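> Kindly generate the corresponding structure for this input.
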Amino acid sequence: MSMRTIIVDDEAPARLKVKQYLKDNPDIEIIGEADNGTDAVREINEKKPDLVILDIQMPEMDGFEVIKALSEPPLVIFATAYDQYAIQAFEVNSIDYLLKPFSKQRLKDSLERAKGYLKSDFESKIEDLLKLVEEEKKYLTRIPVRKGKRIIFLDIKDVVWIGAEETLNFVYTKENRYLINDTLAELEEKLDPQIFFRIHRSSIINLNHVVEIVPWFAGQYKVVMKDREKTELTLSRRRVKSLKEIFPW
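Numbers count the residues shown, from 1 in each chain. Reported below is the predicted structural model:
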């Protein structure tokens with residue numbers, strides 16, 4: 001029997017990504033979605049899902065308020081860009097805590113855990129989740145880059161930004177530029193989202209090396225980085241909200 005599932009996230013691309021990850025999974029039946037907490041409560045109360053994949057930071061009601069508003073909460077997998085909510089997630093009986101950006105395999109593992117909970121009770125849940133949160137924090141501390149024929153390992157704190165130029169990808173420090181084999185999508189999964197943020201499809205920045213954010217045009221901004229050239233990078237409109245959650249302005 002498939003798990004009847006509702007997806008809740010205020011960002012349409014995030015909901016689409018989850019649906020794409022789930023589309024070939026015979027154990028999942030997506031019965032609804034919502035883009036805010038109020039609609040989520042209504043959808044869950046009306047459709048009685050087995051599982052909800054739930055964002056935490058949303059308009060009107062956050063994910064925790066959604067759960068508290070339900071008389072009979074279903075199984076919950078929280079999905080968020082921030083790890084500081086982990087303990088609260090445990091307290092409201094979530095079965096997993098996914099840190100964005102997460103991979104298809106990571107979500108698949110979480111769904112297997114949900115299937116297990118549907119067949120058993122919640123014994124040892126807290127211990128399992130604490131272990132998962134620790135695993136999620138194992139991000140790159142050094143990054144391999146190319147300089148000529150040599151492979152150099154840079155400390156992650158020295159990386160100012162990472163950019164795509166046509167078919168090549170480069171890592172920028174304050175003084176130098178290095179070629180890297182990984183794509184930006186692959187690097188997003190390997191880098192700590194508390195430090196690195198993808199501001200555009202062609203660039204990822206180290207938040208610790210941002211000098212200023214400058215209004216541009218058509219709702220866009222330029223992000224000035226702390227490298228030798230004071231590089232100005234475009235912040236796409238769809239990423240403005242997410243960056244404002246980290247750097248309110």
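
> Outline the domain layout of the chain.
3-136, 142-246 (automatic domain parsing).

> mind checking how far the shortest one is from the chain centre?
What it means is domain 142-246. On the basis of C-alpha atoms, centre = their mean, to the nearest Å, domain 142-246 sits 17 Å off its chain's mean C-alpha point.

> Kindly report the same for stretch 242-249.
Its chain's average C-alpha position is 15 Å from that of stretch 242-249, according to C-alpha atoms, centre = their mean.

> What are the contacting residues of that stretch?
Glu11, Gln57, Ala81, Phe197, Ile199, Leu207, Val210, Ile213, Leu235 (C-beta atoms under 8 Å, 6 or more residues apart in numbering). The way it works is simple: take the backbone N, C-alpha and C, and place the C-beta from them, glycine included.

> ok, 10 Å please
Here stretch 242-249 makes contact (C-beta atoms under 10 Å, 6 or more residues apart in numbering) with 11, 14, 57, 81-82, 100, 193-194, 197-199, 205, 207, 210, 212-213, 215, 221, 223, 235-236, 240.

> Just the buried residues of the lengthiest helix in the chain, please?
Counting residues, the longest helix found in the chain (DSSP state H) is helix 104-119. Neighbour counts over helix 104-119 (16 or more other C-beta atoms under 10 Å) mark Arg106, Leu107, Ser110, Leu111, Arg113, Ala114, Lys115, Tyr117 as buried.

> how about Val66, secondary structure?
helix (DSSP: H, G, I helix; E, B strand; the rest coil).

> In contact with it, which residues?
By C-beta under 10 Å, 6+ apart, Val66 lies in contact with 8, 34, 36-41, 43-44, 52, 54-56, 58, 60, 73, 76, 92.

> What are the boundaries of the helices in this structure?
Using DSSP H, helices in the chain cover 12-22, 37-47, 63-68, 86-91, 104-119, 125-136, 184-190, 237-246.

> Which one, of the ones you listed, ends up nearest to Arg4?
Closest approach to Arg4 among the helices of the chain (C-beta to C-beta): helix 37-47, 7.2 Å.

> Over to the residue lying farthest from the centre of the chain: give its phi and psi.
Distance from the C-alpha centroid of the chain peaks at Lys149, with 34.2 Å (C-alpha atoms, centre = their mean). Backbone torsions of Lys149, given as degrees, to the nearest 10, read phi -90, psi 0.

> Kindly report the same for the one 10 residues further on.
With angles defined as degrees, to the nearest 10, Val159 shows backbone torsions of phi -80, psi 120.

> Quickly note the distance from it to Ile151.
16 Å (C-beta to C-beta, to the nearest Å).

> now do Lys241
Distance of Lys241 to Ile151, given as C-beta to C-beta: 38 Å.

> tell me the pLDDT at the residue farthest from the centre of the chain?
Lys149 is assigned 83 on the pLDDT scale.

> In the chain, which residue is most central in space?
Closest-to-mean residue, the chain, C-alpha atoms, centre = their mean: Lys100 / 1.4 Å.

> Can you verify my assumption that it contacts Thr80?
Yes. If you go by C-beta atoms under 10 Å, Lys100 and Thr80 touch, sitting 6.4 Å apart.

> Can you pull out the low-pLDDT segments for the chain?
For the chain, the stretches flagged by pLDDT under 70 are 1, 82-93, 119-137.

> re the thing from before, pick the most buried one from the domains of the chain.
The highest mean neighbour count among the domains of the chain, using mean count of other C-beta atoms under 10 Å, belongs to domain 3-136: a mean of 17.

> what separates that one from the chain centre, distance-wise?
When distances are taken as C-alpha atoms, centre = their mean, domain 3-136 is centred 13 Å away from the chain's centroid.

> I'd say Asp182 and Arg146 touch.
No. Using C-beta under 10 Å, Asp182 makes no contact with Arg146, being 11.2 Å away.
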